[in-house]
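Student: make a model of this:
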Amino acid sequence: METLCYEFDVIVVGAGHAGTEAAAASARLGLRTCLLTMNADTVGQMSCNPAIGGVAKGQIVREIDALGGLMGEAIDATAIQFRMLNQTKGPAMHSPRAQADKKLYQAVIKLAIESQPELTLRQETIEGLLLEPDPEGDRSGSGKRVAGVTASGGTVYRAKAIVLTTGTFLKALMHTGEAKSIGGRAGDQASVELSEALATTGFQLNRFKTGTPCRLNGRTIDFRSLEIQMGDENPRPFSFLNKKVNQTQLPCHITHTNKAVHDLIKANLHRAPMYSGQINSQGPRYCPSIEDKVVRFADKEGHQIFLEPEGRHTLEYYCNGISTSLPKDVQQGVLRLIPGLEKAEVMRWGYAVEYDFAPPTQLQPSLETKQVGGLFFAGQINGTTGYEEAGAQGLIAGANAGLRVLGNAPLIIDRSVSYIGVMIDDLVTKGVDEPYRMFTSRAEYRLMLRHDNADRRLTPIGARIGLVSQKRIDALAKKEAELQRLETLARQRRIDGITCLELLRRPETDWNKVSETLTPENHETPNPWCVEVIEQLVVEARYMGYIKRQEQEIERFRRNEELNIPAHFQYESVVQLRAEAREKLSRIRPRNLGQAGRISGINPADLAVLMLYLK
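Tutor: Predicted structure coming up:
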């Protein structure tokens, strides 16, 4: 029988949130791209929470959109509720979030993939990697580069760059109480052969765990006793290409656990895989299971549960807050004790998933592996959690895979420019000891990295490498021009002898106090400025002093980033370095002095020695 062989420029394995962004990014650069998935019916599927965004995550989604990604436009088209979180705090903390129509979101992403020029979608199970000698060498000196992948049945897909976005599917094992089954998601299989191929190639693989709650039939929930949570009255779109949200929003509801629930869980901890010894892998600390919450916060009388509809054309509800791997009978007993859920019918049981991941210190900042040239990792294979974190990595990995094929320099966005840069720098420099989730506190320069200015920060970068459309470039140019006109007026026009810009710096002054004065002459419409431009002016005026201070800090940061370290620098020969420093620097191989300083365990004395040698 003849073996089928296909040739592409870039191949992406896995079609979740990382894989779809990676494949679309590569194709937007004009590369012939193939997206391979075990199940073409689950492209872009929301495996867990039917929502996009959240604290810091919302900023990432807007950054993905600013770089031409899929996620922002998809959630705008399919959301059933929009909320801007942290509105009582400063603008750096404002974070957009939206509930999605789960099935519709998946369908919109799949259609975007199917419609993308230069992109082929195909259902295949990938089992191995094709490697060949790399005459150019690579950063680790291993001398190997990727040449393609092999699928079940012997089909071969060859390409100069491969992006692996395997999610929770590598050697995945699902747990519901004592019951175990192979699979990376309920109803789907696991990828065992590919995990073994990575280990054979020399990659270090560890295990993480994640979980999901039960889903309920809304017809059987008693909403009368529950707190209702509505969306924002004037919702803000995620995509910079959209100015308005038109669809009707649906409400969510809130209930709580109680002492009776906690007592039942405690009485059955011996049957919980995380406590019986059945699961030994680390789970996400900031999204713990309900059994974890009961143990870790033993003094707390109740925990909040958000009941979130999964779509407009289903009665299925997601129980955000009670992720669990407890046995089915205990899950049922817990529901009977929660207000509003006493008679609720389970449609899907909660479960936990254990899976292999590759510690991300094995990656370069481009997300290319140090072990094998042309091989990129993105998403949960790097030890992260969350759709947004995965999508951002996928976009960068896909773009860099394409740039590598084109022979161009990689796209590396530093941590002073974006949350995406913060995340990737954290991953490749510090590694992970638990599933990584983005928070605003991880970004030193978060006042500069607001959700509202992501287009101003990143769209020009995407434009330089051909990653964004002309429509986005034109929209940004129009916004910048309008902002410039408004700022000029604000510097010129006065109220009681004080410029409008100076007035806006005062906390007691809001836009309404200056809007009439800042209406252009001979303009028929009062306050003709768009909301986004007004927001930029007000924020930057009010926080001008803080912004200037952060700009100075960023300048100091960049001076260290510019002190590059040669790719094959021999740390072992620097006897003045401590043994721990030599080991960590040799393993992580930082690109510059700034990254070296962010490695855990590297102290100022080590940096001083390194700087002397570099000079």
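
Student: and the closest residue to Pro460 other than its chain neighbours, what element?
Tutor: Of all residues not flanking Pro460 in the chain, Leu476 sits nearest, at 7.4 Å (Cβ to Cβ, 6 or more residues apart in numbering). The way it works is simple: take the backbone N, C-alpha and C, and place the C-beta from them, glycine included. Using DSSP states H and E, Leu476 sits within helix 470-492.

Student: quick one: Val43 from Asn408, how far?
Tutor: The gap separating Val43 from Asn408 is 28 Å, by Cβ to Cβ, to the nearest Å.

Student: of the two, which one has the most company?
Tutor: Val43 (24 against 13; other Cβ atoms under 10 Å).

Student: check contacts around the nearest residue to Lys471 once chain neighbours are set aside.
Tutor: Closest residue in space to Lys471, ignoring its immediate chain neighbours: Leu241 at 6.7 Å, by Cβ to Cβ, 6+ apart. Residues near Leu241 by Cβ atoms under 8 Å, 6 or more residues apart in numbering: Asp65, Glu73, Lys471, Arg472, Ala475.

Student: so where's the stretch 401-550 of the chain shaky on pLDDT?
Tutor: 522-526 (pLDDT under 70).

Student: all helices of it, in order?
Tutor: Counting by DSSP state H, counting those that start in this stretch, the stretch 401-550 of the chain has helices at residues 419-430, 454-464, 470-492, 500-504, 531-542, 544-561.

Student: how about those, which one is nearest Thr88?
Tutor: Taking Cβ to Cβ, helix 531-542 is the member of those nearest to Thr88, at 15.5 Å.

Student: on that earlier part again, for the residue nearest to Pro460, grab the count of nearby residues.
Tutor: Using other Cβ under 10 Å, Leu476 has 19 neighbouring residues.

Student: got it, and Tyr105?
Tutor: Other residues lying near Tyr105 total 26 when counted by other Cβ under 10 Å.

Student: not counting residues beside it along the chain, what's closest to it?
Tutor: Nearest to Tyr105 is Thr78, by Cβ to Cβ, 6+ apart, at 4.3 Å.

Student: let's see the pLDDT reported for the one you found.
Tutor: Per-residue confidence (pLDDT) for Thr78: 98.

Student: ok, back up a step: distance-wise, check the residue nearest to Lys471 relative to Tyr387.
Tutor: Leu241 is 20 Å from Tyr387, by Cβ to Cβ.

Student: repeat that for Glu508.
Tutor: 40 Å.

Student: higher neighbour count, these two?
Tutor: Tyr387 (27 against 6).

Student: the more buried one reaches Ile52, doesn't it?
Tutor: Yes. At 6.3 Å, Tyr387 and Ile52 qualify as touching, with contact defined as Cβ atoms under 8 Å.

Student: the strands in the stretch 1-150 of the chain, which residues?
Tutor: 5-7, 10-13, 33-37, 51-53, 79-85, 95-100, 119-123, 126-133, 144-151 (DSSP state E, counting those that start in this stretch).

Student: oh, that last question was meant for the stretch 201-350 of the chain, not what I typed.
Tutor: In the stretch 201-350 of the chain, the strands defined using DSSP E, counting those that start in this stretch lie at 206-212, 215-217, 227-229, 252-256, 304-309, 316-320, 346-348.

Student: same question for the stretch 501-615 of the chain.
Tutor: Using DSSP E, counting those that start in this stretch, strands in the stretch 501-615 of the chain do not occur.

Student: setting aside sequence neighbours, what's the nearest residue to Arg558?
Tutor: Ser416 (6.8 Å).

Student: count of residues packed around the one you found?
Tutor: With other Cβ under 10 Å as criterion, Ser416 counts 23.

Student: distance of it from Tyr157?
Tutor: 38 Å.

Student: and for Glu178?
Tutor: Taking Cβ to Cβ, one finds Glu178 at 40 Å from Tyr157.

Student: go on, Glu196?
Tutor: Distance from Glu196 to Tyr157, by Cβ to Cβ: 19 Å.

Student: likewise Asn400?
Tutor: Taking Cβ to Cβ, one finds Asn400 at 19 Å from Tyr157.

Student: of the two, who's got more company?
Tutor: Asn400 (30 against 23).

Student: list the contacts of that one.
Tutor: So Asn400 contacts Ser366, Leu367, Glu368, Phe376, Pro410, Leu411 (Cβ under 8 Å, 6+ apart).

Student: again, only this time at 6 Å
Tutor: Contact analysis of Asn400 by Cβ atoms under 6 Å, 6 or more residues apart in numbering lists Ser366, Pro410, Leu411.

Student: from those, list the buried ones, please.
Tutor: Ser366, Pro410, Leu411 (16 or more other Cβ atoms under 10 Å).

Student: just give me the neighbour total for the closest residue in space to Ile254 that isn't next to it in sequence.
Tutor: Distance criterion Cβ to Cβ, 6+ apart; nearest residue to Ile254, sequence neighbours excluded, is Glu227 at 4.2 Å. Neighbour count of Glu227, defined by other Cβ under 10 Å: 14.

Student: now the residue nearest the centre of the chain: closest residue in space that isn't a chain neighbour?
Tutor: Note on the chain: the residue nearest the mean C-alpha position is Glu389, at 1.3 Å, using Cα atoms, centre = their mean. Nearest non-adjacent residue to Glu389, counting by Cβ to Cβ, 6+ apart: Met438, 5.8 Å away.

Student: wait, the one you found touches Ala56, no?
Tutor: Yes. Using Cβ atoms under 6 Å, Met438 is in contact with Ala56, at 4.4 Å.

Student: model confidence score at Gly277, please.
Tutor: pLDDT, read off for Gly277, is 89.
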